[in-house]
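> what's the 3D shape of this:
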Amino acid sequence: LLCWTRISTWPEGADLGEAAAMLSLGSGGVKPGKPSFVSYVTPEEIKTSEKEVLRKEKDLDLLPGEVVFCSASPVLKYTQDEGSQRGVFGTLLCSNFKVSFVSDEESTEEMAPLFRNKLYGENDIPLTCIDQIYGVNEEKKKLILGGQVKSKYPSKIIIYCKDLRVFQFCLTYAKEEEAKKIFQGIVHHSLEPKSLKCLFAFSYFEKAGPIPVTHRKQKTIMFESKEDWAMEMRRTKGHCTLVTANENYNISEKLPQFFFVPSAVSEEDINSFHGKGLPVWCWSHHSGCALFKASSLTVVLEDSVSQPYMERMLTAVAQTYLFSVKTEDLSSTLPTVQDIQQAYNKFKQYFLIDNATEFWISDVKWFSSLENSGWFDIIRQCLMKAVEIVECLEKENTNVLMMEEDGSDLCCVISSLVQLMLDPCFRTLSGFQSLLQKEWVAGCHSFLDRCNHLQREKELQAPVFLLFLECVCQLMQQHVPAFQFSETYLTVLSDSIHIPLFSTFLFNSPHQREYATKLESPETQRSPLNFPTVWDWSLQFDCKAQDFFTNPLYAEKPKQDKALRKPHRPKHQRQLSLPTAAFKSSPRKGFFKEETENLKKMLLGKRISRWIHSPEATPLTAREFYQSWLSKPLDYHGLLLPCLDGPAIRLWMQRYLRWIPEVQIFGGGSVTVMNKISDLVSEIQDLQRELDRCSSNAHSHSQRTEVPARPTARHSSSFPFASSRAWTFRPVIPTSLLHGLTMDEMVDKDDDNTEVLGIV
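Okay, here's the model as predicted:
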């Protein structure tokens, strides 16, 4: 039986409560006017409409410039329990920034999480973060491709994210039209090709306006001016020539506006070949030698033009210090970007888990599967190549010229690793960010193509920057006190690649960024869009959350008095030794003749870098160099080298395992240990401040202030990313799988009296 209620019209602005109050007056109240219409509403419909109003209020919490395209309700978001069809009902929305799920259930959290991203929540997926979408019909799973969506829609969709989250949504309960629109909308806006101006950053900053000055971090050197480059050259005490002719990108669009080249390079050579083959300075060693990189010169001209040009470039690099140079053709000694993409595709599939049963089935050969993917081997090769170049600079005092087809992929990886191993400045938080600005952003790494933000050319996609972060993580895990930033910082940085807001990761070069952010119409009076960099961390996290970026075990270099330090600063002994590199002869004409003897035989269809043979460094030499370094006292502010043996290359656990509940350690894990140490460090600092205050007020009779106790919480090894409230206490291995494993073990037992140990 339905209880029907007659509701007359009431004054504009009155709500249902006021209407009910007016009706409850009965005959004793004011006589209502003649209604213009009569509405009959059931109590259930009233409750439903109130819930929809609350949900819409939640939906209005959008970023500036964000527009909702479509939505569907009710949608069931599945949990990852074994064989479970349980979940949470809510509304699934798609905007020009993200896919969002708004739960119908009210949040039970008493306090806001310590580590919350301001731009998107735990149930939000930025469109550029969507990796793959699968549709499920009648238990059949099918990969969805952009441009192939028809009028039908699946009953269930599975979204795999680039940050390795997995979302499963059931569309069965939603209206057919809404379900079809939300499915087509998600596929269209995340997987189909789009133009650069369709990225959310352009809509956001047109509405949000310029970023307040308080959000900007001035410690990070941006390398966008002559002064920035000159300051870095002075810091490293190098001797090269600053090139300003590319300020308007007249030389090349794939070079920075300002850069350094060897002093012996002529102005005529700088303007030749559009920057191809031009040795660009990366870093100077304290002995005087330097590291350079160059894009390979494609041979389209006669030998008489390209051969003398490359010989002059090598001569200029050699003249930087003691007339020695070693060339490294990274295109021939390291995997290609296609190899990197293929290995990572195999590697990441072991972390995209749909349910617990699937995880435990893959657990049988998990470690061997990870190793067979080839991803760890590529990490090891990059670290090995960096160690070889470090040996040339540190031990042999030889100039090094790295060459690559474009000079903006593996050159960025190896150059950054070399500087990280040799220069402690780049192991600080601001120094590391400055290094990325210099080598990756100003160095014209193709972030837009490699991240495939526009879904245009799939063959160009490759996680080159993630490969570098993986190598950094290996160094950090082996030498924790040497780095000021934490593992959490690296994980957040890897996530930020897929947020379409920051100029750091949105463009292929500074030229493209400058061109794209200019005014489209000269008549408009607005200034060009000024996108922030990812280093404006306050756009994503508050100050307390940013504390997780700092390593509490960082061994800060003690400050010494100049009077004490100056007498004990001997000259570096290796400055007085002659190099042992290949090129030691005098700078006579044609001294690179041995390098170019076979030029005519190798010019057909090959890059000129192929005939620049570098002196072969055997693995034994690199191992001897590592063993020699290992025998000396470890200095966290000096040279750092990684151990490259098999077990030494470890999984980046926080990034890859944080979303898998079955592998978490409740109340433990390395990240939890670091968080506890951070709390202890903060407590010690509070006590030190209290001691300083007491000593300054020793003669006063002021009452001692108690240091408040810090609240302690038991976190999991996924902290601070996964919420602790999501944990449930269930058997570690699903019951069905455990039973099967136990039966197999019992069959293999020959002795009936053998004790069988169960898994608790």
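
> so who does residue 136 touch?
Neighbour list for residue 136: 142, 154-158 [criterion: C-beta atoms under 8 Å, 6 or more residues apart in numbering]. Using the backbone N, CA and C atoms, a C-beta is placed for each residue, glycine as well.

> err, residue 512, not the other one
Residues near residue 512 by C-beta under 8 Å, 6+ apart: 253, 448.

> give me the element it is part of.
helix 510-516 (DSSP states H and E).

> Buried ones in that helix, by neighbour count?
Buried residues in helix 510-516, defined by neighbour count with 16 or more other C-beta atoms under 10 Å: 510-513, 516.

> Let me have these in a markdown table, adding distance to residue 556 and pLDDT as columns.
As requested, these are exported to a markdown table (distance: C-beta to C-beta, whole Å; pLDDT from 0 to 100):
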| residue | distance to residue 556 | pLDDT |
| --- | --- | --- |
| 510 | 33 | 96 |
| 511 | 39 | 96 |
| 512 | 39 | 96 |
| 513 | 35 | 94 |
| 516 | 40 | 91 |
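
> Quick check: the gap between the residue most central in space within the chain and residue 164.
Computing the C-alpha centroid of the chain and ranking residues by C-alpha atoms, centre = their mean puts residue 494 first, at 1.4 Å. Going from residue 494 to residue 164 by C-beta to C-beta, to the nearest Å gives 10 Å.

> which residues are common contacts for these two?
residue 655.

> Residue 425: what's it in contact with?
Counting by C-beta under 8 Å, 6+ apart, residue 425 makes contact with 235, 431.

> Next: the one 4 residues further on.
By C-beta under 8 Å, 6+ apart, the contact set of residue 429 is 484-485, 489, 549-550.

> List buried residues within those.
For these, buried by 16+ other C-beta under 10 Å: 484-485, 489, 549.

> Can you lay out those as CSV showing pLDDT, distance to residue 68 and secondary structure?
As requested, the buried ones among the contacts of residue 429 are exported to CSV (pLDDT from 0 to 100; distance: C-beta to C-beta, whole Å; DSSP: H, G, I helix; E, B strand; the rest coil):
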residue, pLDDT, distance to residue 68, secondary structure
484, 97, 41, coil
485, 97, 36, strand
489, 97, 33, helix
549, 95, 32, helix
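
> Adding distance to residue 675, write those out as CSV.
Listed next are the buried ones among the contacts of residue 429 as CSV, based on distance: C-beta to C-beta, whole Å:
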residue, distance to residue 675
484, 17
485, 15
489, 13
549, 12
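
> mind checking the SS state of residue 167?
Using DSSP: H, G, I helix; E, B strand; the rest coil, the three-state assignment for residue 167 comes out as strand.

> need the contact list for residue 153.
Residues in contact with residue 153 (C-beta under 8 Å, 6+ apart) are 135, 171, 179-180, 183-184.

> Doesn't residue 386 lie inside a helix?
Yes: per three-state DSSP, residue 386 lies within a helix segment.

> Pull the number of nearby residues for the residue nearest to it when sequence neighbours are not counted.
Once flanking residues are discounted, residue 386 sits nearest to residue 417: 3.8 Å by C-beta to C-beta, 6 or more residues apart in numbering. Per other C-beta atoms under 10 Å, the neighbour tally for residue 417 reads 24.

> hang on, the earlier thing: just give the closest residue to the residue nearest to the centre of the chain, not the sequence neighbours.
residue 469 (5.5 Å).

> these two touch, right, that neighbour and residue 490?
Yes: under the criterion of C-beta atoms under 8 Å, residue 469 makes contact with residue 490 at 5.5 Å.

> what do those two both touch?
Among the neighbours of residue 469, none is also in contact with residue 490 (C-beta under 8 Å, 6+ apart).

> circling back to that earlier point, please tabulate the buried residues of helix 510-516 in a markdown table, including the columns distance to residue 401.
Shown next, in a markdown table, are the buried residues of helix 510-516 (distance: C-beta to C-beta, whole Å):
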| residue | distance to residue 401 |
| --- | --- |
| 510 | 23 |
| 511 | 24 |
| 512 | 26 |
| 513 | 28 |
| 516 | 32 |
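
> between those residues, which is closest to residue 268?
In terms of C-beta to C-beta, no member of those lies closer to residue 268 than residue 511, at 22.9 Å.

> ok, that closest one - contacts?
By C-beta under 8 Å, 6+ apart, the neighbours of residue 511 are 249, 253-254.

> ranking the residues you listed by neighbours, who comes first?
That'd be residue 254 among the contacts of residue 511, by other C-beta under 10 Å, with 21 neighbours.

> so residue 537 touches residue 547, yeah?
No: applying C-beta under 8 Å as the test, residue 537 and residue 547 come out as separate, 11.1 Å apart.

> which of the two has more neighbours?
A side-by-side neighbour count of residue 537 and residue 547, using other C-beta under 10 Å, places residue 537 first with 22 against 17.

> Can you give me the distance of the more buried one to residue 550?
With distances taken as C-beta to C-beta, residue 537 is found 12 Å from residue 550.

> what separates the longest helix seen in the chain from the chain centre, distance-wise?
Secondary structure of the chain per DSSP state H: the longest helix is helix 670-696. In this view, helix 670-696 has its centroid 30 Å away from the chain centroid, taken as C-alpha atoms, centre = their mean, to the nearest Å.

> Give the partner strands of the longest strand anywhere in the chain in its sheet and their orientations.
With DSSP state E setting the assignment, residue counts place strand 68-78 as the longest strand in the chain. Its sheet considered, strand 68-78 pairs with strand 87-95 (antiparallel), strand 166-170 (antiparallel) by DSSP bridges.

> Would you mind listing the buried residues in that strand?
Of all the residues in strand 68-78, those buried under the rule 16+ other C-beta under 10 Å are 70-78.

> Give me the contact list for it.
55, 59, 62, 84-96, 101, 103-104, 123, 156, 167-175, 178-179, 181-182, 185, 189.

> Quick one, which of those residues are buried?
Among those, those classed as buried by 16+ other C-beta under 10 Å are 55, 87, 90-96, 101, 123, 156, 167-171, 174, 178-179, 181-182, 185, 189.

> before we move on, back to that, show me which of the contacts of residue 136 are buried.
Looks like those have 154, 156-158 buried, using 16+ other C-beta under 10 Å.

> Tell me which of these fall in strands.
Among the buried ones among the contacts of residue 136, the ones falling in strands (DSSP E) are 156-158.

> any idea how far residue 674 lies from residue 115?
In terms of C-beta to C-beta, residue 674 sits 13 Å off from residue 115.
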